[in-house]
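# For reference, the sequence and a predicted model appear below.
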Amino acid sequence: MNASSAKEFSLLNHKPALFVLFFTEMWERFSYYGMRAIFVLFLTASFSDGGWEWTRERAIGLLTIYTSSVYLTPLLGGIVADKYLGYQKAVALGALAMTLGHAAMALETEITLYLGIGFLIIGNGLFKPNVTSIVSGLYDQYPERKDGAFTIFYMGVNAGGFLGVLLCGFLASNLSYSWGFGLAGIFMFLGTLQFWFGKAIFEKVGASPTKKINNSKEIHITSTTKETISSNIQRDRYIVVGLLAFFTVFFWAAFEQASGSMNIFARDYTHRSLTGNAALIFKIVDILVSTVPLFIITWVLFKLFAQTFTKISLSNIVLGTSFLSIWGLVLWKLSVIIPKDSAEIEASWFLILNSLFIIFLAPLFSKWWESKFNPSAAVKFGIGMILLGIGFGALAYGSTGIPQGAKTASVSLIWLVLAYLLHTMGELCVSPVGLSYVSKLVPPKKIGMMFGIWYLVNFLGNLIAGLVGSAIDEIVSNYSMSHFFLIFTIIPGAVGLIFLILNPLMKRLMHGIR
């Protein structure tokens, strides 16, 4: 690395601007996952527990509208940024809209609830595609570094999701749901300020609409690709993308039960009150879970301060204030939990397991993909679908003792933990792998369109997840809880077997792409 490159990539071998975006994305994911973790719990809780006593069907139905819509609006948000706003203004406006959305939800009236969801959907559409575009733009001249940059950025996603679920869930359980929704809004607002005050470091990337940018380099690359790849080969590769997209719908339809039916299962059907050694073990686990990732992120924060404080001091002050607040909340949380003889696990706590398992397992799966044992796309997807099905199989087996039509039970929490572990392993085989293969199989000039289609896959998956998940009461009443989870055991398992059967055909259709 020459001297100029060393200076440009001076923070953990990456640009300091990447870490400003890392923390911006972290606060957005904090607010998104923190709110989502308590949304259905709030709507279905009794009046005495601070909820609205909605039916599970109605609550999951509203969640479905939200979680599916956030995969549609980014298509529009990207167009608006490209033609009118530029990435930076779109991200800032999106973040501000989401702040207003969380604030409206914290008021806990039905009108402000719907208004808040509307703001969140619009804000997400402006924020999500354009913050990613800024990351990409920072590394346009260094394509060999993009994989590493997006890996770090993806860690911001999981760090934010982890902290949001941990703290919003705790405040909702120990103070009120308004505090949980409000906390999501507060950190979304701080993230907005941190981003806007730090935009001077983004090298003008996304400062203005891209419609005036000269894309001659991209056109040259695209034309070269056209000359070297025949239409028949490209047609076959499109077929593979279509197969991956179609079957991925089934993955998300099952995986996205996490915020709906699995959250209800955690609250109403899982034994969460621990005593004796079990309580002590959980407290130790919770202390480590609450502090170790935060120590790592704080270390990165200090590295960022050292590199950028003189250039974007106001942004760093806001970011430092945010983290002091996070540390204060975590220490307060531990001071409440540790002195107690017993331990009551919040239902939303289980949702942090996905982020934690990704942080620990992603490097292992990355090494697997880089080794000589790297399987083909169809095998990866097949393994992922089967792991997802086995995870729900664990829940189905653990639920066998729940009587038909029961509204409450006390199933061991080990089944929920095992399910999240298997689901996360399945996610690592499907979600990032799918994005990677889209970028490999599609010509450069059509990648944007294909990623838009991939958003539609998430939209359809979330929509189906909500439609089936909202029928949990009807299925449990007429059959059993085991029957409900067996739906998500059999269908992903069958799709996984189909992938394994199709593997030879898909390998031929990919024409050498690995």
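The structure has been received and is ready for your questions. Residues are numbered from 1 along each chain as shown.
# Look at the closest residue to Asn158 other than its chain neighbours and say how many residues are nearby.
The shortest distance from Asn158 to any non-neighbouring residue, by Cβ to Cβ, 6 or more residues apart in numbering, is to Ser355 (4.3 Å). Every C-beta, even on glycine, is put in place using the N, C-alpha and C of the backbone. Neighbours of Ser355 under the rule other Cβ atoms under 10 Å: 25.
# tell me which element Ser355 falls in.
helix 352-370 (DSSP states H and E).
# Which strands or helices does that helix pack on?
helix 146-174, helix 276-308, helix 414-441 (3 or more Cβ pairs under 8 Å, 6 or more residues apart in numbering; DSSP states H and E).
# Buried deepest among the ones you listed, which one?
helix 146-174 (a mean of 22; mean count of other Cβ atoms under 10 Å).
# OK, contacts around the residue nearest to Gly398 when sequence neighbours are not counted?
Spatial nearest neighbour of Gly398, excluding adjacent residues (Cβ to Cβ, 6+ apart): Trp415 at 3.1 Å. Taking Cβ atoms under 8 Å, 6 or more residues apart in numbering, we find Trp415 in contact with Ala394, Leu395, Tyr397, Gly398, Ser399.
# Look up how far Ile201 lies from the fourth one.
To Ile201, Gly398 is 49 Å away according to Cβ to Cβ, to the nearest Å.
# Those two: who's more crowded?
Each of Gly398 and Ile201 has its neighbours counted (other Cβ under 10 Å); Gly398 has more, 24 against 20.
# Give me the distance between that one and Ala106.
For Gly398 relative to Ala106 (Cβ to Cβ), the value is 35 Å.
# go on, Ser322?
Distance from Ser322 to Ala106, by Cβ to Cβ: 18 Å.
# Make CSV from the contacts of Trp415 and add distance to Ala17 to it.
Converted to CSV, those look like this (distance: Cβ to Cβ, whole Å):
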residue, distance to Ala17
Ala394, 43
Leu395, 43
Tyr397, 48
Gly398, 46
Ser399, 48
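# related to what we said a few turns ago, wait, the residue nearest to Asn158 touches Tyr154, no?
No - if you go by Cβ atoms under 8 Å, Ser355 and Tyr154 don't touch, sitting 10.9 Å apart.
# got a list of contacts for stretch 182-196?
So stretch 182-196 is in contact with 20-21, 23-24, 26-28, 30-32, 34-35, 91-92, 95-96, 98-99, 101-103, 105-106, 164, 167-168, 171, 315, 318-319, 321-322, 329, going by Cβ under 8 Å, 6+ apart.
# can you tell me the average pLDDT over that stretch?
On average, the pLDDT along stretch 182-196 is 94.
# what's the angle between the helix holding Ser355 and helix 414-441?
40 degrees (axes from the mean of the first three to the mean of the last three Cα atoms, to 10 degrees).
# Report the buried residues of helix 352-370.
Ile352, Leu353, Asn354, Ser355, Leu356, Phe357, Ile358, Ile359, Ala362, Phe365, Trp369 (16 or more other Cβ atoms under 10 Å).
# how about those in TSV, adding pLDDT?
Below are those laid out as TSV (pLDDT from 0 to 100):
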residue	pLDDT
Ile352	89
Leu353	91
Asn354	89
Ser355	84
Leu356	85
Phe357	88
Ile358	84
Ile359	78
Ala362	79
Phe365	82
Trp369	78
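# So of those residues, which two are at opposite extremes in space?
Ile352 and Trp369 (25.4 Å; Cβ to Cβ).
# Check the offset of the helix holding Ser355 from the chain's centre.
Chain-centre distance of helix 352-370: 14 Å, with Cα atoms, centre = their mean, to the nearest Å.
# before we move on, which element is Ala92 in?
Secondary-structure element containing Ala92, defined by DSSP H and E: helix 87-106.
# What is the helix or strand that that helix is followed by packed up against?
Counting by DSSP H and E, the next helix or strand C-terminal to helix 87-106 is helix 110-138. Judged by 3+ Cβ pairs under 8 Å, 6+ apart, the packing partners of helix 110-138 are helix 16-44, helix 56-69, helix 73-80, helix 87-106, helix 146-174.
# what's the nearest residue to Phe282 once chain neighbours are set aside in contact with, if anything?
Nearest residue to Phe282 in three dimensions, chain neighbours excluded: Ala343, at 4.9 Å (Cβ to Cβ, 6+ apart). By Cβ under 8 Å, 6+ apart, the residues touching Ala343 are Ser273, Leu274, Thr275, Ala278, Ala279, Phe282, Lys283, Asp286, Ile337.
# quick one, what contacts the second one?
I take that to be Leu274. Phe282, Ser342, Ala343, Glu344, Ile345.
# The last one contacts Leu413, doesn't it?
Read that as Ile345. Yes - using Cβ under 8 Å, Ile345 is in contact with Leu413, at 7.1 Å.
# Now do the shared contacts for the two.
Joint contacts of Ile345 and Leu413 (Cβ under 8 Å, 6+ apart) are Arg272.
# Contact partners for Ile65?
Here Ile65 is in contact with Ile117, Gly466 (Cβ under 8 Å, 6+ apart).
# Quick check: pLDDT value at it.
For Ile65, pLDDT reads 92.
# Could you check how far it is from Tyr71?
12 Å.
# And for Phe202?
Phe202 is 26 Å from Tyr71, by Cβ to Cβ.
# Phe41 touches Ala347, doesn't it?
That one is not Phe; residue 41 is Leu. Yes - the criterion here is Cβ under 8 Å, and Leu41 meets it with Ala347 at 6.0 Å.
# Need the overlap of contacts for the two.
By Cβ under 8 Å, 6+ apart, the residues touching both Leu41 and Ala347 are Asn263, Arg267.
# check contacts around Gly389.
Ala254, Phe488, Thr489, Ile490, Ile491, Pro492, Gly493, Gly496.
# Out of these, which two sit at the greatest distance?
Farthest pair in the contacts of Gly389, by Cβ to Cβ: Phe488 and Gly496, 12.4 Å.
# any residues in contact with both of these two?
With Cβ under 8 Å, 6+ apart as the test, Phe488 and Gly496 both reach Leu388, Gly389.
# name the element Phe485 belongs to?
Counting by DSSP H and E, Phe485 is part of helix 481-510.
# just the angle between that helix and helix 414-441, please?
Using the same axes, to 10 degrees: helix 481-510 against helix 414-441 is 20 degrees.
# Show the average pLDDT along helix 481-510.
On average, helix 481-510 scores 95.
# Report all helices and strands that it contacts.
helix 231-255, helix 377-398, helix 472-478.
# can you do 10 Å?
On a contact count with 3 or more Cβ pairs under 10 Å, 6 or more residues apart in numbering; DSSP states H and E, helix 481-510 meets helix 231-255, helix 261-268, helix 377-398, helix 414-441, helix 447-469, helix 472-478.
# Of all these, which one is nearest Ile60?
Among the helices and strands packed on helix 481-510, helix 447-469 comes nearest to Ile60, with 4.9 Å by Cβ to Cβ.
# For the closest one, list every residue counted as buried.
450-451, 454-455, 457-466, 468-469.
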